[in-house]
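1. next come a sequence and a model predicted from it.
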Amino acid sequence: MYLRRAWAVFWKDSLVERRSKEMANGLFFFAFLLLFLFHFALGPDRARIEMAFPGLLWLGFLLTGLLGLGRTFLGERENDCLEGLVLAPGDKSAIYLGKVAGGVVLMLLLQVFLLLLFTVFYNLEMRKVLPGLAFVGALGAIGFAAVGSLFAAITAQVRARELLFPLLLLPVVIPLLLGAVAATGELVQSHSLSAARHWLALLAGADLIYLTTGLLTFEFILEA
Amino acid sequence: MGWVTAIGLLSGLSAGFLYAPRDAVQGNVQRIMYLHVPSVLTAYLAFGVVFLASLAYLFSQRSRWDRLAAASAEVGVVFTGLTLVSGSVWGKPTWGTWWTWDARLTTTALLFLIYVSYLLVRGMVEDRERAARFSAVVGIIGAIDVPIIHFSVQWFRTLHQPATLLRPQAPTMDATMVFTLLLNVGAFILFYIYLTRMRLHLTQLEERT
């Protein structure tokens, strides 16, 4: 029952997105633009880009995700949807779980797209690191979506939300960024994740902590 | 309360300058420690209070917990700022640089940023109860995040360069130095309580109007 309610929220959001394609189009275009910015910031030297690849990938991911996750609750402001969510029976954290699931799927899609862009435009060899990268990416996406959805719920009601959302989110995602960049760097260098095991543990731990805190505190935010 | 705090701070200050001996290696610069260490400990105390008061507010919905969290966060941010600035002033002559990306420095700076954004949430949300709930959640996440940040930054630094190069060996401290330090820590905690109470009083006056 609990999971079904979470699924309903997730399904509703993805249906809206599939039909409007409002967010996806904008975000994919934004990711594309970022790649050009990186190119001009670092110059045409391929070795330099290769060296900076883990950082660039996650920076691009962070910036696009910041735009995407910030909109998690914006759709709910129209037609009093938020009130409907508050009035829905049962545990409110199911709504949060549904929103996080939507966020994770969005983040994963963005990752696939960004990786594709990096492979094509910077001519990087990805095949060997792909399975490991998918794992690191999933861990990063979960933590990012977990805090992102919570802070998006907070800032949806605030006037200066475009400013407040990154200010809240960025300090808190720094451990995730650190862990993901370090693990990706290890992966690119040695093609294996065994040396980055403690980073993966840190990512998983942070995911768990953020998700639990979100589940426990979401109700207070929604009903405020 | 105010007088006791003033006497405490003054005696801490004079002990730091007159009673405690000059450090053999670092010279007079070392005396910054009597400001630096008490302020960081007080900041930790303040953020601990924010965490507990935020939890208490979410469970009880009583606005006095929220007021306490707000006052404590403001004072804590001031003390963290003081820590960063005094550490910087000490670092320039001792390490030869104002700032280094050492694990502890980075963690403290991030702590500062997290609680500045905590205060921003408070300022940006107009509705009082809503602001209280939102900032309580941010206060809790901020406190929970501190150990995660600490570990990640520590690993990040130790993997890339040993922090021991930048960190001076912990000198075995003279007893008078320990006494001076403890005196200052006590005075700072009194100062924290005094400031937080003043801030609480001010909030009450603001609400009355």
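-> All right, it came through fine.
2. flag every residue of chain B that's near chain A.
-> B:58, B:110, B:113-114, B:117, B:120-121, B:124-127, B:129-130, B:133-134, B:136-138, B:140-142, B:144-145, B:148-149, B:151-153, B:155-156, B:159 (CB under 8 Å from any CB of the partner chain). Placement of C-beta: from N, CA and C, glycine included.
3. rerun that using 6 Å as the cut-off
-> Where chain B comes near chain A, counting by CB under 6 Å from any CB of the partner chain, the residues are B:58, B:110, B:113-114, B:117, B:120, B:124-125, B:130, B:133-134, B:137, B:141, B:145, B:148-149, B:152, B:156.
4. only whichever of the residues you listed are buried, select them in ChimeraX.
-> A single ChimeraX command selects the buried members of the residues of chain B next to chain A (16 or more other CB atoms under 10 Å in any protein chain shown):
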select /B:58,110,113,114,117,120,124,125,130,133,134,137,141,145,148,149,152,156
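5. what sits against residue B:153?
-> B:103, B:106-107 (CB atoms under 6 Å, 6 or more residues apart in numbering or on different chains).
6. quick check: next helix or strand after the helix or strand of chain A with the lowest mean pLDDT?
-> Least confident helix or strand, chain A: helix A:81-87 with a mean of 80, by mean pLDDT, DSSP states H and E. Where DSSP states H and E defines the elements, the next helix or strand beyond helix A:81-87 is helix A:93-122.
7. nearest to chain A, of the contacts of residue B:153?
-> residue B:106 (8.9 Å; CB to the nearest CB).
8. identify the residue spatially nearest to the closest one, adjacent ones excluded.
-> residue B:153 (4.8 Å; CB to CB, 6 or more residues apart in numbering or on different chains).
9. what's the answer for residue A:128, then?
-> Using CB to CB, 6+ apart, the closest residue to residue A:128 is residue A:191 (5.0 Å).
10. and residue A:158, which of the three is it?
-> Following DSSP: H, G, I helix; E, B strand; the rest coil, we place residue A:158 in the coil state.
11. quick one: contacts for it?
-> A:164, B:124-125.
12. and it, how far from residue A:34?
-> Distance of residue A:158 to residue A:34, computed by CB to CB, to the nearest Å: 26 Å.
13. and residue A:213, how far from residue A:171?
-> 15 Å.
14. ditto for residue B:66
-> For residue B:66 relative to residue A:171 (CB to CB), the value is 22 Å.
15. of these two, who's got more company?
-> residue B:66 (26 against 23; other CB atoms under 10 Å in any protein chain shown).
16. which residues are in contact with that one?
-> With CB under 6 Å, 6+ apart, residue B:66 has these contacts: B:57, B:132.
17. quick one: furthest residue from the center of chain A?
-> residue A:45 (29.2 Å; CA atoms, centre = their mean).
18. check what pLDDT it gets.
-> Confidence at residue A:45, expressed as pLDDT, is 80.
19. any idea how far residue A:39 is from it?
-> 10 Å.
20. got it, and residue A:78?
-> Counting by CB to CB, the gap from residue A:78 to residue A:39 is 38 Å.
21. can you check residue B:205 too?
-> 57 Å.
22. count of neighbours near residue A:29?
-> Neighbours of residue A:29 using other CB under 10 Å come to 11.
23. I'd assumed it was in a helix, is it?
-> Yes. Counting by three-state DSSP, residue A:29 is located in a helix.
24. residue A:110 versus that one, what's the distance?
-> For residue A:29 relative to residue A:110 (CB to CB), the value is 12 Å.
25. where are the low-confidence patches of the chain?
-> With no chain named, the answer covers chain A. Applying pLDDT under 70 to chain A picks out residues A:224.
26. nope, chain B
-> B:24-25, B:157-173.
27. point to the residue nearest the middle of it.
-> residue B:43 (2.0 Å).
28. for that residue, give me its contacts.
-> Counted by CB under 6 Å, 6+ apart, residue B:43 has contacts B:76, B:79-80, B:83.
29. returning to that earlier point: same list (the contacts of residue A:158) but as JSON lines, adding distance to residue A:140 and secondary structure.
-> What follows is those, written out as JSON lines (distance: CB to CB, whole Å; DSSP: H, G, I helix; E, B strand; the rest coil):
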{"residue": "A:164", "distance to residue A:140": "23", "secondary structure": "helix"}
{"residue": "B:124", "distance to residue A:140": "28", "secondary structure": "helix"}
{"residue": "B:125", "distance to residue A:140": "29", "secondary structure": "coil"}
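30. closest to residue A:86 among the contacts of residue B:153?
-> residue B:107 (37.4 Å; CB to CB).
31. quick check: that closest one touching residue B:151?
-> No. The pair residue B:107 / residue B:151 is not scored as a contact, 9.4 Å apart, by CB atoms under 6 Å.
32. how much space between the residue lying closest to residue A:152 once chain neighbours are set aside and chain B?
-> Nearest non-adjacent residue to residue A:152, counting by CB to CB, 6+ apart: residue A:72, 4.0 Å away. Here the criterion is CB to the nearest CB, to the nearest Å. By it, residue A:72 lies 15 Å from chain B.
33. that's a helix at residue A:72, yeah?
-> No. Counting by three-state DSSP, one finds residue A:72 to be coil, located in no helix.
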